[in-house]
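J.: Sharing a sequence plus its predicted fold:
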Amino acid sequence: MKGNVLSSTESAAHAAKLSFVEAVPNFPAPFSIDITKKLREIHNCDIFQAESVSAVMASAVGTATAGKRTFVPVSSPLAYETFSAPFMRLPFVMANVSRSQHGLRSDHSAVMALRDAGYLMFFPETNQEIHDTIIQAYRIAEDSKVLLPVIVNIDGPSSYTEVVQMSTEQSTKGLLTRFNPKRLDMKKPLVNDIFSEEYSELKLQQQKAMENALTIIKKTDEKWKQKFRRSYGLVENFMTEDAETVIVIAGYHSSTAKAAVKKMREEGRKVGLLRIRVFRPWPEEELKVLTGRKVVVFDQAVSLGRKGVLSSHIKGSSVISLGKYPSEKDFHDILDKVDKAENDVVLWL
Amino acid sequence: MNLNEVKYDDKRLPVSQPQPSARPVRVHKPKIDLKKCEKNYNCIVFCPHNAINKNKNGFPVIDYNRCTGCLICLRECPVFAISEESEKNEPRV
């Protein structure tokens, strides 16, 4: 396979370049700084420093309102402005190098805190997929039926390298039409009104946009398949056809889980894997595969007082792993424990 | 409005016209006594909302559409030409 050897942050930077981003607010947080560093080398655009995550999000709101294509590399973007940006219906793409809420461990607990904020959320597995998803994300977000910001989650710390087949500027030019939902006009001043009187109706419009996004994501994926012969879908089924037990997982560690599943198949156990690529909007239809099977949900974020975040969406056993790199053996042990138990269990790794 | 019958509309965004007046947020209203005024223009310099301008005769005039009632002009005036009145409107929360 021909391609370039890129780390996940580098492939995100190349994707941003190929989607012709114009404004990049940047806060030098660990992990996400790697994206900006690379982008500064390869692409000529407005990269400006902000003094906090809050300021990054505020400037993203500003540049997107002004009609610039905005790319936001962040890590743990929890601020007030992060929650108000989707309500303003501003289409920008946020590459979130995922980390824990406290410290610099790798899990989904920070990004999952944004699940109700109104972002479309993608959990790509490989560097190739990160690259493709970011370019797709601009097409999805800027569609007039959606107009919502997107989070593309990169599992960090992200120094692992893979071979990535980069798309070319010519081929992405056809996919991404000119972005210009310009609202800022000095002659006709308007306010991005988050204190609007029609709050509930506008929230409902957001929900409808989310529902529309499901079809737009599928359409974009089809178009991508025609052009590059790669497609991902909303979820990825891996050996689920005749499986009795299915591991449900999102993100980078699904690669490890897939290897474990393959080994268990060789041992004669009927195990499958379902990887959730799109977390918001929730792919309800695609998850009907799980009915009648034993489900183990592998979670990297916990909703304290309930259980794992993913597993509170799906009925089944739950495994919570925070800030750890699970090995193949871990997945073996998990399935052994779940098979022994009669009811659904919650395990901590 | 029945929310269950609302359909998606891409023009329906949370944008609105800016409020023409700062009056709803104002609790105190400054007033300039032009008889006392000595044209020091401290009020014009210190006004954070750029709400005070000079009129033809060089006297400061307050633009009440911009004035938020912070009363910095009152504090800065060296000859105490500015007085405050309480605003009749209930302040917006």
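T.: Nice, I can see it. Residues are numbered from 1 along each chain as shown, chains lettered A, B, ... in the order given.
J.: Identify the residues contacting A:V74.
T.: A:V74 makes contact with A:27, A:29, A:32, A:53, A:56, A:94-97, according to C-beta atoms under 8 Å, 6 or more residues apart in numbering or on different chains. From N, CA and C alone the C-beta is placed, and that goes for glycine too.
J.: ChimeraX command to pick out the buried ones of these?
T.: Restricted to buried positions by 16 or more other C-beta atoms under 10 Å in any protein chain shown, the ChimeraX selection for these reads:
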select /A:27,29,32,53,56,94,95,96,97
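J.: what's the burial count for residue 82?
T.: No chain specified, so I'll use chain A. 25 (other C-beta atoms under 10 Å in any protein chain shown).
J.: ah, I was thinking of chain B
T.: Neighbours of B:I82 using other C-beta under 10 Å come to 23.
J.: What's the per-residue pLDDT of the nearest residue to A:K2 once chain neighbours are set aside here?
T.: Nearest residue to A:K2, sequence neighbours excluded (C-beta to C-beta, 6 or more residues apart in numbering or on different chains): A:Q165, at 6.9 Å. On pLDDT, A:Q165 comes in at 90.
J.: which residues in the stretch 1-150 of chain A form helices?
T.: Counting by DSSP state H, counting those that start in this stretch, one finds helices in the stretch 1-150 of chain A at the ranges A:8-18, A:33-42, A:53-65, A:80-84, A:109-112, A:127-141.
J.: right, so these: which one is the most enclosed?
T.: Across the helices of the stretch 1-150 of chain A, averaging neighbours per residue (mean count of other C-beta atoms under 10 Å in any protein chain shown) puts helix A:8-18 on top, at a mean of 27.
J.: one step back: okay if I get the helices of the stretch 1-150 of chain A as JSON lines plus mean pLDDT?
T.: Conversion of the helices of the stretch 1-150 of chain A to JSON lines gives the following (pLDDT from 0 to 100):
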{"stretch": "helix A:8-18", "mean pLDDT": "93"}
{"stretch": "helix A:33-42", "mean pLDDT": "92"}
{"stretch": "helix A:53-65", "mean pLDDT": "93"}
{"stretch": "helix A:80-84", "mean pLDDT": "90"}
{"stretch": "helix A:109-112", "mean pLDDT": "91"}
{"stretch": "helix A:127-141", "mean pLDDT": "94"}
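J.: can you redo these as CSV with distance to chain B?
T.: CSV is the format used below for these (distance: least, C-beta to the nearest C-beta, whole Å):
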stretch, distance to chain B
helix A:8-18, 25
helix A:33-42, 29
helix A:53-65, 9
helix A:80-84, 10
helix A:109-112, 24
helix A:127-141, 13
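J.: C-terminal to the helix or strand of chain B with the lowest mean pLDDT, what's the next element?
T.: When each helix and strand of chain B is scored by mean pLDDT, DSSP states H and E, strand B:15-16 comes last, with a mean of 83. Per DSSP states H and E, the first helix or strand lying C-terminal to strand B:15-16 is strand B:28-32.
J.: which parts of the helix or strand just after that next one are buried?
T.: Following strand B:28-32 in sequence order, the next helix or strand is helix B:42-46 (DSSP H and E). Of the residues in helix B:42-46, B:42-44 count as buried by neighbour count, 16+ other C-beta under 10 Å.
J.: For the stretch 201-349 of chain A, what lies in contact range of chain B?
T.: Selection of the stretch 201-349 of chain A residues close to chain B by C-beta under 8 Å from any C-beta of the partner chain yields A:201-202, A:204-205, A:208-209, A:212.
J.: Among those, name the ones in strands.
T.: Among those, no member is found in strands (DSSP state E).
J.: out of these, who has the most neighbours?
T.: Neighbour max across those (other C-beta under 10 Å) = A:A209, 24 neighbours.
J.: What sits closest to B:C47 if chain neighbours are left out?
T.: Excluding the flanking residues, the one nearest B:C47 by C-beta to C-beta, 6+ apart is B:C73, at 5.8 Å.
J.: I'd say A:R277 and A:N237 touch.
T.: No - taking contacts as C-beta atoms under 8 Å, A:R277 lies outside contact range of A:N237: 11.0 Å.
J.: What sits closest to residue 58 if chain neighbours are left out?
T.: Answering for chain A, as no chain was given. Distance criterion C-beta to C-beta, 6+ apart; nearest residue to A:A58, sequence neighbours excluded, is A:E81 at 4.8 Å.
J.: The intended chain is chain B.
T.: Leaving out its chain neighbours, the residue that sits closest to B:G58 by C-beta to C-beta, 6+ apart is B:K39, at 5.7 Å.
J.: got a pLDDT number for that neighbour?
T.: Looking at B:K39, its pLDDT is 92.
J.: again, but for the one 5 residues further on
T.: B:I44 is assigned 94 on the pLDDT scale.
J.: Kindly report the same for A:M1.
T.: 66.
J.: What separation do you get for the spatially most central residue of chain B and chain A?
T.: The centroid of chain B falls nearest to B:C67 when counting by C-alpha atoms, centre = their mean (1.4 Å). Distance, B:C67 to chain A, using C-beta to the nearest C-beta, to the nearest Å: 19 Å.
J.: Leaving out chain neighbours, which residue sits closest to that residue?
T.: Closest residue to B:C67 apart from its sequence neighbours, by C-beta to C-beta, 6+ apart: B:A51 at 4.3 Å.
J.: Could you report the neighbour count for that neighbour?
T.: 21.
J.: tell me the contacts of residue 84?
T.: With no chain named, the answer covers chain A. Counting by C-beta under 8 Å, 6+ apart, the residues that A:S84 touches are A:61, A:194.
J.: Wait, chain B was what I had in mind.
T.: B:28-31, B:71, B:74.
J.: Then it would be within a strand, right?
T.: Yes - assessed by DSSP: H, G, I helix; E, B strand; the rest coil, B:E84 belongs to a strand.
J.: separation between it and B:C67?
T.: B:E84 sits 11 Å away from B:C67, going by C-beta to C-beta, to the nearest Å.
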